[in-house]
Structure formats: C-alpha cells, structure tokens
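> Sequence first, predicted coordinates after that:
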Amino acid sequence: MASLINGTAPSTEDADGRPAAETDVDVVVVGAGFAGMYLLHLLRGHGFSTQVLERGAGVGGTWYWNRYPGARCDVRSIDYSYSFDPDLEQEWEWSEKFATQPEILRYANHVADRFDLRRDIRFETGVEVAQWDEAGRRWRITTDDGTEVTARFYIMATGCLSSSKRPEVDGIDDFRGDTYHTGHWPHEGVDFTGQRVAVIGTGSSGIQSIPLIAEQAEHLTVFQRTPNFSLPSRNGLPDPDELAAIKADYPAYRDLARQSFGGAPRPLPTKGALDVGDDERRAVYQSAWDEGGLGGILASFTDLRTSQEANDTAAEFIREQIRSIVDDPEVAEILCPHDHPFGTKRPCLDTNYYATYNRSNVDLVNLRATPLVRLTESGIVTSERHYEFDAIVFATGFDAMTGAICNVDIRGVGGLELRKKWEDGPRTYLGLMVAGFPNLFTVTGPGSPSVLSNMMVSIEQHAEWITGCVVHLRGEGARAIEATVEAEDDWVEHVREVGDATLYPKANSWYMGANVPGKPRVFLPYVGGVGPYRRICDEIVADGYRGFALSH
Ligand code: NA7
C-alpha cells in the first residue's frame, strides 16, 4: 500500500536505517467496531491509505464479542445507528425498540458490505507494540503475528468496554466444569439445559443474561457483590408512527441528538426533584418507569445527578419497585442498591430481571454477607458454604476506557510509555490526543463523553474530528500534531472539576476505575454533555487547533 500523504512514497529504510515495514500506510486504525469502520470509510473518502487491524474474525467490536444470551443495546435502535449516510438510515429497519446483539451485528456486517470495508481490514490481528519514530515522524506498529506496519497516524478505536476482567478470586483455573465470560461468549452459543449454573456479577451483562439462563438451566445461582439499579426496557416493536415521523426528517432528529446532553433527543427537565410535591414527583417517576428505557428517570429532574437528597427520591422509588416485584422480602432487600446514588453506576436495562428471582430454580447469594473465597474443581466456596456447579458464567465486566488502550505497549516521544504516563490516571486533551504522543488519536478516549452518551453519536463526532484534523494537516503540509502539556493539564482539570460537581465520584464504579484492583480512582468520562463537548471541539478547531502544536 502506498502512502498518499504529502504525496510521499514509502522508503525502503526508516530514519534509523532499519528496513521499512511490509506495509506502510497513511493511517492505521486499531479496531473494526463502529468507530474503526466509520473512520475507514471517512479516511478512504479523503484519499488516505488506511489499514484497520482487528483482533476478531469479523467486524462489530463489542457486538462481535458480547454474544451472551439477552445481549442487547440499552440505547434505542433508532438512536444507536450511523447518521452519516441518508440512504443507509432510510433502508435499515430495526425489528425491536432495543436491538439484540445479533441484529446489531447484522447491521455492522451490512455496513461493512455496503461500503466495501473488508478489503482494508486485517482480521485476527492484535496489536502488541506501537512506537513513535521521531525522525521518520511515523508510528511503527507490531502485530501479534510479528508483522510490522508503519503509518503517519495511529488511531486507537478499541472501544471503552473491550478488555474483559475475570473475578479476582483464588483457584479461578481449578474449576473443571465449563467457564464463560459474557464478553467472550462462544460463537456457537451455549446450551445450559439440565445444568447447575452460577453467574458471578450483576452489571448489565449479568442482568441481561440471568433471566434467559434461568429459563434454560436446571438451577441458577447468582452471586451478587453490589446490587445495581435496573430499569425495565418495555421492549417491543418500534412504534411505526414515531419511526415514520423520525425518518421523514432524520437530519433534524440527528441534529437534536448531536446537540443533546446524552446523544439522544430528549426534552430537558426544568424542575428539581425537591421543587415539586411528593405526588407530582412520584407521578413523574412512575410515568418514566412505565415508559421504560434508561434515560427517563434520570432525566426527569434537573438535580438527580448533583443532589444526594434529590437522588434519594429516585433511588427510593426504584427500591419500592424492586420490593413490589420480588416475592421474598429478604431477597428483595438484597437486590436493593444502597451503596451508590442512582445513575452514578450505569443503570441496567432489563426484561424480567427482578421477576426472575421469583422462580423456584433461582437463588441469590449476597457476597457482601458471605464473600467469595475460592473456586474449586467442582464449584464455588463462599465464607459460608461450598456450591457445586456444571458451569460458571463470569459477568464480571471490563477494565473500562483505558484497558484496551494500555493493553498495547504504546511509546511516544523519547520512548515515553503511555502506561507509565497514565499510572496515576489517564491524561488526555479532549479524550482525543495525549501530550508526548504525536499523531496518536483515541476514539471516545478517557476525558470525552463516551460511555455517558449514546456511543454512536460520540463515535461519529470523534471520527469526523480526527479525519478533519488529518485533512487539515495535509493541507498545511504538516507531518505531526501533538497536544501541548498545558492544554492537556487544563483539560484534565476541567474534566475533574465537572465530574466533582456531580455525584458520580461517590460510586465505586467502572467510571471511577474502582472495579479493577490497583487502578487509580479517577472519574474517566467527561460529564459536560455531548452537545457542549462538540462545541468545545469545534471552537478549538476554529481557533486554529488551539492547544495543539503542529510540526513540519
Ligand atoms: P459491570 O457493569 O462492570 O458489572 C460487573 C459485575 O461483576 C458487577 O456486578 C461487579 O460487582 C461484579 N464483579 C466484578 N468483579 C467481581 C469479583 N471479583 N467478585 C464478585 N463480583 C465481581 O460489567 P458488565 O459487563 O455487566 O457491563 C459493562 C457495561 O456494558 C455496562 O455498564 C453497560 O454500559 C454495557 P461490583 O459492582 O464491582 O461490586
């Protein structure tokens, strides 16, 4: 592949006299999820030679890996889709309000075919090392099959929830039965019929899979460390009238999404939860609960993210719903979250989750009262007893936001290690670039709205910003761009300040890095909202890439 940037052809030697890599391109993108696919489409359209390196055997990223039963997007299908192509928007029909993993994966494959993306994606290729070659002003990227690719620009489109973690428990490899991680589910599916199954973990993946595993298994035991707030999805067919109205003017609808707080059009609340009487507040919560979906309750009042007292009213409303659904009051109480404000851990969206505990073949173990001790050949030991199982499902989550980036040994100017630089928490400018790492971009990186938003909106914005930046550099004849230390420091401080004005830092969440032992406690995403964030990014560009240094 030849480089088009500045019209230069790749040389046979790099600046240090080492043989040039087999493949030299303008841009290497890591990851063929929705971010990598859109980047490839955009960059190609601007004439940049682009190579996507993807660990999986197919496109789809998180939707390629997370194939557990019940896996489903918690953002409405009509919002969780690309907006860049009007024909694609019009022709694709979602079959449910909240699409399942197989349907989203079909959509990803459809996009890959429609835009002929596969020819520039190298599948089953992990990236191990990425090193900035200062003299050559290129990234030198080593893959797990030992090949090297060089590129002017290196983009980590590796997703926020792609580095899975197993529970920290002794004897984890001793168990002789089958073990599964929700984030690496077998492609052929799993049949639990007649089996005694354990699920460890009650985040979204646990809460989505538990009802379906319970229907199939002979017996299911759920091991819960922290109860989560889960809201009913009220899933079903999309409303045809609403769909027709949106499709009649999709651009206007998408624009509202881009300017919104969370990346989906939704009227903003005007009142605080404590500014209204009990009856009115209750009616608002009840209507959001009955409507279903993630955004309703959290967006019902202005102060739920910032005032503990206001938040308590929503939390108590949800606990009341749990108590009304679950027959056994003791089980209901174990399922009621008390340790974090509502919304400060990502709430889950479920179908029949709480009602599943009314089944005679389902038990709940409260790991706060009886902690995990170890896994054995035949099961799980808690401080209270030994449980025997045929299969164990780890629904134990991810090293979120920084895990997949730090899994690659990334070295910037002077050999600076990204892992080292981020030892006390990630430092970025806009969640897009890192001082000391020229021409490295992170899509939906730490310090950007990312996981607090509809990821599709954030992905498209980042992919477009990065492509715009690369086009700008070509126009300027610049070979490199780098965030300045000052701009990065200011941004990190701003992200912290905005986060600290909310209740988010109170929770031991993966937003805070708290789910991974030893990970620094830092609020990772930017909670300023996707609309305001987009305006900041655009202003920085309009201001001549303020806070970035270009070099020739
Ligand atoms: P999450 O939300 O991180 O949930 C992981 C769950 O696993 C959570 O209940 C954890 O309890 C539990 N866990 C993790 N480690 C352990 C150990 N060592 N022992 C017991 N329990 C443990 O991951 P998901 O995959 O469910 O969802 C991730 C996101 O995907 C989700 O937020 C949506 O955005 C989509 P803890 O709460 O840490 O006490």
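Perfect, I can see it now.
> Check the stretch 151-300 of the chain for the residue nearest the ligand and tell me.
As assessed by C-beta to the nearest ligand atom, the ligand sits closest to residue 203 within the stretch 151-300 of the chain, at 2.1 Å. In this view, the C-beta of every residue, glycine as well, is placed from N, C-alpha and C.
> err, the stretch 1-150 of the chain, not the other one
Relative to the ligand, the nearest point of the stretch 1-150 of the chain is residue 74 (6.4 Å; C-beta to the nearest ligand atom).
> for that residue, what are its contacts?
With contact set as C-beta atoms under 8 Å, 6 or more residues apart in numbering, residue 74 has these partners: 98, 204, 233, 294, 348-349.
> and those as CSV, adding pLDDT, neighbour count and secondary structure?
Shown next, in CSV, are the contacts of residue 74 (pLDDT from 0 to 100; neighbours: other C-beta atoms under 10 Å; DSSP: H, G, I helix; E, B strand; the rest coil):
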residue, pLDDT, neighbour count, secondary structure
98, 96, 23, coil
204, 97, 25, helix
233, 95, 23, coil
294, 87, 22, coil
348, 97, 20, strand
349, 96, 24, strand
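> phi, psi of the residue of the stretch 1-150 of the chain closest to the ligand?
phi -100, psi 10 (degrees, to the nearest 10).
> all strands for the stretch 101-250 of the chain, in order.
Here the stretch 101-250 of the chain has its strands, by DSSP state E, counting those that start in this stretch, at 121-122, 127-133, 138-143, 148-156, 178-181, 196-200, 219-224, 230-232.
> Looking at those strands, which is nearest to residue 298?
Of all the strands of the stretch 101-250 of the chain, strand 230-232 sits nearest to residue 298, with 9.1 Å by C-beta to C-beta.
> So what are the sheet partners of that closest one and their directions?
Here strand 230-232 has these sheet partners by DSSP bridges: strand 348-350 (parallel).
> what's the strand it pairs with in contact with?
By C-beta under 8 Å, 6+ apart, the residues outside strand 348-350 that reach it are 72, 74, 98, 203-204, 207-208, 211, 228-233, 293-294.
> sec struct for the closest residue to residue 306 other than its chain neighbours, please.
Spatial nearest neighbour of residue 306, chain neighbours left out: residue 502 (5.6 Å); criterion: C-beta to C-beta, 6 or more residues apart in numbering. Following DSSP: H, G, I helix; E, B strand; the rest coil, residue 502 is assigned to coil.
> before we move on, what about the one 3 residues further on?
What three-state DSSP gives for residue 505 is helix.
> Relative to the ligand, how far out is residue 538?
27 Å (C-beta to the nearest ligand atom, to the nearest Å).
> Next, the contact list for the one residue sitting closest to the centre of the chain, please.
Centroid-nearest residue in the chain: residue 160, 3.8 Å away (criterion: C-alpha atoms, centre = their mean). For residue 160, the contact set (C-beta under 8 Å, 6+ apart) comprises 398, 400-401, 404, 444, 450-451, 455.
> One more: residue 114?
residue 88.
> Can you read off the pLDDT for the residue of the stretch 351-500 of the chain found nearest the ligand?
Closest to the ligand within the stretch 351-500 of the chain is residue 397: 2.6 Å, counting by C-beta to the nearest ligand atom. In the prediction, the pLDDT value recorded for residue 397 is 97.
> and what of residue 295?
The predicted structure scores residue 295 at 81 on the pLDDT scale.
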